[in-house]
Each structure stands twice: as structure tokens, then as C-alpha cells.
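Colleague: Can you look at this prediction? I've put the sequence above it.
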Amino acid sequence: MSVTFCGRQLEHRVVNGSGTFDAIAAERAFGPALRAAFPFSAYVSKTITLRPRDGNAPPRLWETPAGMVNSIGLPNKGVAAYLAEDLPRYAMLPVPLITNVMGGTGEELAEVAAAVGHRPEIFALELNVSCPNVATGLDIGAVPSDLEAVVRRVRAVTAKPLIVKLTPNTADVTLCAQAAEAAGADAVSLINTLRAVPLHPDGRGGRWLGSGQGGLSGPAIRVVALAQVAAVAERVALPIIGMGGVQHGRHAADLLSAGATLVAVGTESFRDPRAAGRITEELKALENAGRARTPPGGQASVCP
Amino acid sequence: MSAPEVARGEDGRVLAPFGRRRGLVVSTRKVGAYVLLEVADRDGPQADPGQFHMLATVHGWGGGEDERPYLPRAFSPMGSSGGHLWFLLEDVGPGTHRLATLKKGEALWVTGPLGNGFTLPDAPSADEHPGGGRDPAFGGARRPILVAGGIGLPPVMALSGALAHRGIEATMLLGFRDAAHAQVAASFAGARLATDDGSAGHHGYVTALLRAELERDPHALVYACGPAAMLEAVRGLATGNGVPAQLALESGMACGYGACFGCVVPLTAGGYARVCVDGPVMAAGTLRSVPAL
């Protein structure tokens, strides 16, 4: 059931979504059992920025029918402390590391990507492009030309595999995927959360979340993910990490047959820390029973 | 009381088995305004007082009010022994409603114990714990004062059991909305009671009892769990009187093990801490405030 992704052999097809599993905190809670039964075939870090961020003011969570809205605000200790303190601990995990990076400007992002790109412990970079362009206020990842420019900048500073995390909050995600491909990305991952505004339960119309708005995840967005993964797979040749509401092996198999090479589990890990392990087992059982279609590109999807 | 096979992490906490596991409802009982839920959890380690579990029902989790609940809910057990856990619930929303209507024999998903527990007064080297909830000022001959408000009772009850087991005398101050809620405190001989409406015990907040206790003898240490407003008042009283206090915080959580970063509280040192992994027990002095979440 192993798979080659961007030139690297992974044990299976299930990874974590960025920002949905803190391996260091999980080790505090579960101890050595975490590494012994690590449920992901590659570990994706939460988003790292140039400078430290506290994250958004609480409240940061809201439960919805079949899902949740989060407004965490990318708290992280900044790239220097990440490389010095956290990376050595992540490097002890039994799987390849993917570091997710973001920058407020192209220069900032290139600086973070360059710093991360030099570290041998890291297998690949994932770009979080769901941040506003300072000049226009629009999300960089929502505007194909902005996205292409940013990916080109990062492409120029690192030879590591480059995954672009696409936002679903755009008019046509396939244009963004094509822009990423044109700029030299090695893979795309989708979908990120859907923009959402929960109101205060007091009924007076105020917003609940400290930052005003957040992103919707969970089973509620699964069919959106299926649509966008299928659409992107039709338009670009890049390998895809598909995600959105995966709770069972069947959901993972569906994303694979829509065109994904890997599947990420996110919100379901909140409900069960070992969920990805169960999903992997279920997916293998489906594949063995011939009830999961081999994704396009076969077992050996390799980056161009 | 901990079973010998309990594994502890580097910071001393009882480690949780990795992944959720099945528990079975052994009994449910109405106690005044609350429901007492007894769960058989044969595979779970014995929790320290103040630690918590994430609970969800195996069936019928979802499909309630607004098609919720979806995420598991965090509860500190009020007691545990022989592979059984006791939880106190108040039916206030879709999650607690589903849990409060469980029947004997129904299955639960249980993850835990999670977070750090209270540091007991005679626990050795309390200052070696970097978990954020530890306070080196604890220890010595200070008199423990335990303060609980409403549904914050369970971890305080678990702590009082652990203190009694060690032969440490403690003052218990319990606050409730009214006599129906206070019924659960009947088993606490010697506890002092306050109710908001005066239908049982002192008419007023439990923090008034705490203020009087600290005025009488400030050589105390305070353990508290309850609503955010109560904990904020306890924090003010403790820091104002130079009395060390450990507060067991409550927060909405998605995961309970540090993954989602949703349950943060503001720190005096700046930034935020996660209630689930840096707490839920935190030293009052480390908190800028106790926000209602």
C-alpha cells in the first residue's frame, strides 16, 4: 500500500492536515505510544511564519452541524525558534516531515522558505497562501496571478518539493491550481477551510469568534472537497493531497478516485487522536477487497 | 491510589492511551439538578484529580439540536476506582443533553486522562513541573481551601478524596445556584455551602466564604473549579492576598490534547496557553484573566 510522493516512498496514503495535529503536544498527552503507532505516513507541521504569532483572541471555536469553525490565527513561535526547538523533536518522528510556511509578503515568505528549505530533516514545504495581499486585501491564494508570483518566489529559493495548499474561497480553484503548476509547484493540497461566520448564541447578531470569522471543516465540507479535487485533477498533472471531512476509509477512497494521490485527515483527529490509523486500515481493507479505485497515475505518482 | 501500571509523562501527568476507547454506561442517577454517570472504563488508567476525559456517545452523537453534537466534550471525573469513572453532568446543551440521557448498557467513546492534575500539598518537588499549572509556592504547612462552584464540583471532589487519603485536612467551600443543585453536596460532611438564592447555606456567592476564610487565616492555599466568573473572583482574592491558588479551568475544546489550539487563556507573561495541555489546572498567578469560553 506504499506510495511514492514527490520522489519519496511513503508507507501509506494518509497524512495530517496542517494545523490539526501537534505532535509535540500529543506526545505530552500520550507519551511513547504516539511514536509507536504514529498514524500518518508524513507529518505536516502547523503554519510557520517569520516572526512569532500569539494567534487570535478567543473564542476560537464553534461547533456546527457536522463540523466546526476555527479561528486560531496561526499561533507559532516563528521560524528561528521552530528550527531550533521544534524541528529536532519532529525529526524523531518515524515519518518524513513537511513544513507548512506562510508570509505576509512575498519577501517574508521567501525568507521563511529559504530558512526551512536548507534543513535536511525536512522533506517538503507546503505553502499556506490563505493570507491577505497587503496591497489589495484579497487572499493571495484566491487570485491566480498573485498566487503564481508568490510560488515563483519560493520556487527560486528552495529545491525541496513544493506543495501549494489551495484555498476553496476563490471563484475557480482550477485556475489557482494551474497558476501553481505554471510557477513550478510540485503538488497541490486541497481543500483548506471554507470561510465562515458563526453568530453569538445570545441572538443579538454579534459575531461569536474573537476574530470575527473563521474556517469551516469537518464532514460538512466533504462533498465540496470531492468536487474541487476532481476539478483540479482534470486540469493539472500535479499530484494532489486531498482533504475535507474524511472520517472513514470510504471517504479517503472517494478522494483518491477523484484524483488525489494522498489524503489528509484533519478534524476527525480532534474527535479521535488515532483516527488516521483507523482510516488507513479501512482504506487498505477497501483496496484489498478491490473496492477502492487506484488513483490516476497509478501507485507511482512522481513529481514532474 | 494509582494502579501500578499507570504510565506518567516527563512532566508527571498520567498518560492517556493513544486513541479513543469504548466505555460502557454502568448506571445513571439523577442527583438534584445533575445526572451522575457511572462508566466502566477497564482499559483506562487511573486519573489524577483535575485531569479530564473527552466523552462522546458511540451512537446518536449528532442529530440533536441544530444537528449537534459533533465534537466530544471534556469532563473531569469526580471519582474513579476499579476501572469505573463517575461523571457529573448538567443538561445545558446538545452534548450534555445526549450524555445526560444515556441509558445503562450504552457505549461511550472515552479519551483520557488528559491535561495535568492538581499538585497536592505534600507532593515532592512541585516546582519541577513545567506544565504551566504548577506553582512552587505550594507545599509547607499551608491549609488547603477547596472551592467549587456548581458543575465545577467533580475535580474538587476528586481532590478532596486524595487529600483525605493522605490524611490532609482541608476546608471545603461549595457554591450552587439553589438547593436543587446543592443536593449533590449532601455527602460532604463539614463542607460549607452557599447558594445564589439562599435556599441552602449562606445566601450569596461561595467567594464571599472564601474572602472570610482568607481574612481569618491567609496562611492557606486554594484549589478551585467553577464558572469563569467565580474563578476570576478566586484569582483576584488569591493574588490580592498573596495566597497561592490552583484553578481548574473549563473551556470548549475540539480535541483535548493540544491539536486544535482552540481552548486558550491569556497569560500574565503575554500570549496564550492551551487549557487542555498546559492546564486544565493552572496557577492563578500565571493567568491574566479567566475568560468565559
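Modeller: Structure's in. What do you need? Residues are numbered from 1 along each chain as shown, chains lettered A, B, ... in the order given.
Colleague: Give the closest residue to the closest residue to chain A within the stretch 151-293 of chain B in space, chain neighbours not counted.
Modeller: Using C-beta to the nearest C-beta, the closest approach of the stretch 151-293 of chain B to chain A is made by B:G258 at 2.5 Å. Yep, even glycine has a C-beta here, placed from its N, CA and C like the rest. With sequence-adjacent residues excluded and distances taken as C-beta to C-beta, 6 or more residues apart in numbering or on different chains, B:G258 is closest to A:A25, at 2.5 Å.
Colleague: Let me know the helix or strand that the one you found is in.
Modeller: Here A:A25 sits within helix A:23-30, counting by DSSP states H and E.
Colleague: returning to what we had before: helix or strand for the residue of the stretch 151-293 of chain B closest to chain A, which one?
Modeller: Using DSSP H and E, B:G258 sits within no helix or strand.
Colleague: Show me where the stretch 101-250 of chain A dips below the pLDDT cut-off.
Modeller: For the stretch 101-250 of chain A, applying pLDDT under 70 flags no range at all.
Colleague: Same check on the stretch 51-200 of chain B?
Modeller: Counting by pLDDT under 70, the stretch 51-200 of chain B has low-confidence residues at B:122-140.
Colleague: Please enumerate the strands of it.
Modeller: Here the stretch 51-200 of chain B has its strands, by DSSP state E, counting those that start in this stretch, at B:52-57, B:73-75, B:79-81, B:84-89, B:107-114, B:143-149, B:171-176, B:192-195.
Colleague: give the contact list for residue 115.
Modeller: Looking at chain A here, since you left the chain open. Shown in contact with A:A115 (C-beta atoms under 8 Å, 6 or more residues apart in numbering or on different chains): A:V79, A:A80, A:L83.
Colleague: was after chain B, sorry
Modeller: Applying C-beta under 8 Å, 6+ apart, we find B:G115 in contact with A:A29, B:R13, B:G50, B:Q51, B:F52, B:G256, B:V275, B:C276, B:V277, B:G279, B:P280, B:V281.
Colleague: A:D54 contacts B:L267, doesn't it?
Modeller: No. Between A:D54 and B:L267 there is no contact under C-beta atoms under 8 Å: 9.6 Å.
Colleague: residues contacting the closest residue to chain A within the stretch 101-250 of chain B?
Modeller: Taking C-beta to the nearest C-beta as the measure, the stretch 101-250 of chain B has B:L114 as its residue closest to chain A, at 5.6 Å. B:L114 makes contact with A:A29, B:A16, B:Q51, B:F52, B:H53, B:M54, B:A74, B:G256, B:Y257, B:C276, B:V277 under the criterion C-beta under 8 Å, 6+ apart.
Colleague: From A:V44, how far out is it?
Modeller: Distance, B:L114 to A:V44, by C-beta to C-beta, to the nearest Å: 23 Å.
Colleague: Same check on B:E213?
Modeller: 51 Å.
Colleague: Which one of those two is surrounded by more residues?
Modeller: With neighbours defined as other C-beta atoms under 10 Å in any protein chain shown, B:E213 and A:V44 compare such that A:V44 has more, 26 against 20.
Colleague: Report the beta-bridge partners for the more buried one.
Modeller: Under DSSP bridges, the beta-bridge partners of A:V44 are A:I98.
Colleague: need the contact list for B:I151.
Modeller: Residues near B:I151 by C-beta under 8 Å, 6+ apart: B:Y34, B:L88, B:L89, B:E90, B:G226.
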